[in-house]
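Colleague: what shape does this take:
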Amino acid sequence: MDIILEIKVLGAAKEVGRSAFLVSSENSNILLDYGILLKREPEFPIHVKPKDIHAIVISHAHLDHSGNVPSLFLSSSRSQVIATAPTMDLSYLLINDMLKISGFYLPFENIEVENMVKNHTDLDFRTKHAINDLNITLFESGHVVGGSSIIVECKGKKIFYTGDINTRGSKLLRPADLDFEEIDMMIIESTYSQTNQKQREQSEKELLEFAYDIVENDGTLFIPAFSVERSQEIACVFKAANFPYKVVMDGMALKVNEIISKYPEFLRDSELFKNAIENVEWIRDWKRRKQVIKQPCVIISPAGMLVGGSAIFYMQNLMNSDKNGIALVSYQGENTPGRLLLEKKTFKMNGKIKKCFAQVKQFEFSGHNSREELFEILDRVKGNPTVLAVHGDNDVCVKFSEEISEKYGYESFAPNAGDTYKL
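Modeller: The predicted model follows:
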């Protein structure tokens with residue numbers, strides 16, 4: 001039997017980070033994502049020769065999916081970069097910010113980021129785009145603004161790559177679009193495949209109750225949140241509930257607000273978003289920053305894991321009083337300041353580990369599907385696909401892959417980096 005497509009796993013194998021998959025046909029080589037795993041020293045996907053790549057399709061802007069794309073533009077490479085318009089704008093913002101603040105080696109500089117942008121093609125959802133003998137179609141993923149799942153087609157064979165996916169939707173985003181025909185391979189994220197998360201409505205209710213409790217007792221509630229989508233989602237939660245007290249927003253989330261404002265068609269409720277970001281106060285200077293920490297209010301600011309940004313200022317100024325609160329609404333990676341705060345109620349201040357006296361609570365606002373919803377995706381699949389379980393920590397991918405084989409009878413794998421599959 002003729003081999004029509006070959007898929008090589010370059011990253012996100014039994015780990016969350018450096019997502020990258022090489023899809024090859026007779027006439028084309030394309031990458032589905034080419035991200036970075038951000039640690040003390042970043043890790044990169046398996047290297048590919050830029051001159052061999054015809055296109056890179058970016059599922060969404062988060063650095064673990066987009067962050068290494070500029071390294072493919074070190075020479076005179078003329079690969080196409082394909083993504084939705086907001087994904088390109090947000091990727092450009094996040095990659096430039098990473099370059100600016102990184103104290104570590106990156107295999108590219110600003111000129112390569114500019115070359116990436118020069119060679120990009122905006123692609124709308126559900127619009128086929130030909131790359132030689134391949135067709136690419138993007139489907140709304142519900143994960144972040146402009147985020148996509150990807151279908152690759154060649155000679156009747158179809159690969160469906162979920163990217164990061166959310167079939168629940170949120171205040172800001174519509175649910176993922178799963179309305180497509182039979183597939184021959186599925187590359188599915190496994191992030192929360194062993195966990196059922198709390199219902200979003202319950203998380204919103206509990207966050208609002210915490211906010212009322214803090215602010216009505218003359219405290220300040222600080223919400224460290226990812227700059228892309230999570231900060232805006234939290235602002236929408238407060239606006240939708242007609243929260244009567246002051247809400248402010250700071251840091252790179254403000255630049256993200258401006259980008260998202262250009263793309264109302266990508267939002268579930270563009271009016272709610274518009275009202276939410278008009279309703280919050282945008283903090284643009286140190287004078288105002290120092291004033292708001294002395295007022296009962298809600299402050300939303302990156303970084304979500306407390307690794308930098310204006311979040312450090314807010315933590316250092318609010319952690320010493322039990323009248324104040326810290327609401328963690330983002331994933332807290334291992335060995336991050338946010339994880340240490342959550343587990344040990346400590347935070348580094350002026351080089352020393354100090355006890356945090358503010359009230360600390362975590363709320364589930366994940367942009368990923370949980371276990372139940374990942375199985376709901378599999379329930380809807382048409383065809384008899386080979387399944388690759390990726391993008392999950394430790395043995396999560398292995399367990400999920402075994403469960404898929406057992407429940408559906410599909411050939412299912414938890415690949416290692418470098419593994420190759422053929423269709």
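Colleague: tell me the spacing between the nearest residue to residue 184 once chain neighbours are set aside and residue 345.
Modeller: With sequence-adjacent residues excluded and distances taken as Cβ to Cβ, 6 or more residues apart in numbering, residue 184 is closest to residue 157, at 4.9 Å. To be clear about C-beta, it is placed using only N, CA and C from the backbone, and glycine gets the same treatment. Separation of residue 157 from residue 345 (Cβ to Cβ, to the nearest Å): 53 Å.
Colleague: likewise residue 161?
Modeller: The gap separating residue 161 from residue 345 is 40 Å, by Cβ to Cβ.
Colleague: which one's more surrounded, these two?
Modeller: Neighbour count, other Cβ atoms under 10 Å: between residue 161 and residue 345, residue 161 has more, with 27 against 15.
Colleague: hmm, the more buried one is touching residue 150, no?
Modeller: Yes. Counting by Cβ atoms under 8 Å, residue 161 touches residue 150, with 4.5 Å between them.
Colleague: what is in contact with these two at once?
Modeller: Common contacts of residue 161 and residue 150 (Cβ atoms under 8 Å, 6 or more residues apart in numbering): 32, 59.
Colleague: so which strand or helix has residue 139?
Modeller: strand 134-140 (DSSP states H and E).
Colleague: what's next to that strand, contact-wise?
Modeller: Contacts of strand 134-140 (Cβ under 8 Å, 6+ apart): 23, 25, 28, 30, 55, 57, 82-84, 123-130, 147-154, 174, 176-180.
Colleague: using CSV, list the CA coordinates for that strand.
Modeller: The C-alpha coordinates for strand 134-140 follow below in CSV (Å, rounded to 0.1, in the frame of the first residue of the first chain):
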residue,chain,number,x,y,z
LEU,A,134,-1.9,19.2,0.9
ASN,A,135,-5.0,21.0,2.1
ILE,A,136,-5.1,22.8,5.4
THR,A,137,-8.3,23.8,7.2
LEU,A,138,-8.5,25.6,10.6
PHE,A,139,-11.4,25.0,13.0
GLU,A,140,-12.2,27.1,16.0
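Colleague: show me what it pairs with in its sheet, parallel or antiparallel.
Modeller: Under the criterion DSSP bridges, strand 134-140 sits next to strand 129-131 (antiparallel), strand 148-154 (antiparallel) in its sheet.
Colleague: just say which of those is most tucked in.
Modeller: strand 148-154 (a mean of 25; mean count of other Cβ atoms under 10 Å).
Colleague: what's near enough to touch the residue nearest in space to the middle of the chain?
Modeller: Nearest to the centroid of the C-alpha atoms of the chain, with distances taken as Cα atoms, centre = their mean, sits residue 62, at 4.5 Å. Residue 62 makes contact with 35, 94, 144, 164, 228, according to Cβ under 8 Å, 6+ apart.
Colleague: how near is the closest residue to the fourth one other than its chain neighbours to residue 27?
Modeller: Which is residue 164. Of all residues beyond its chain neighbours, the one nearest residue 164 is residue 143 (4.2 Å), with distances taken as Cβ to Cβ, 6+ apart. Distance from residue 143 to residue 27, counting by Cβ to Cβ: 31 Å.
Colleague: check residue 410 too.
Modeller: 29 Å.
Colleague: ok, these two, which is more surrounded?
Modeller: residue 410 (19 against 11).
Colleague: can you count the residues close to the closest residue to the more buried one other than its chain neighbours?
Modeller: Nearest residue to residue 410, sequence neighbours excluded (Cβ to Cβ, 6+ apart): residue 387, at 5.0 Å. Using other Cβ under 10 Å, residue 387 has 23 neighbouring residues.
Colleague: partners of residue 387 in the sheet?
Modeller: Going by DSSP bridges, residue 387 forms beta bridges with residue 186, residue 412.
Colleague: so it sits against residue 415, correct?
Modeller: No. Applying Cβ under 8 Å, one finds residue 387 not in contact with residue 415, separated by 10.5 Å.
Colleague: any chance you could map the strands in the stretch 51-200 of the chain?
Modeller: 55-57, 80-83, 120-122, 129-131, 134-140, 148-154, 157-161, 185-189 (DSSP state E, counting those that start in this stretch).
Colleague: columns distance to residue 382 on top of those, output as TSV?
Modeller: TSV is the format used below for those (distance: least, Cβ to Cβ, whole Å):
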stretch	distance to residue 382
strand 55-57	22
strand 80-83	25
strand 120-122	29
strand 129-131	22
strand 134-140	14
strand 148-154	12
strand 157-161	10
strand 185-189	11
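Colleague: so which helix or strand of the chain has the lowest pLDDT on average?
Modeller: Using mean pLDDT, DSSP states H and E, the weakest-scoring helix or strand in the chain turns out to be strand 346-349, at a mean of 87.
Colleague: partner strands of it, with direction?
Modeller: strand 352-355 (antiparallel).
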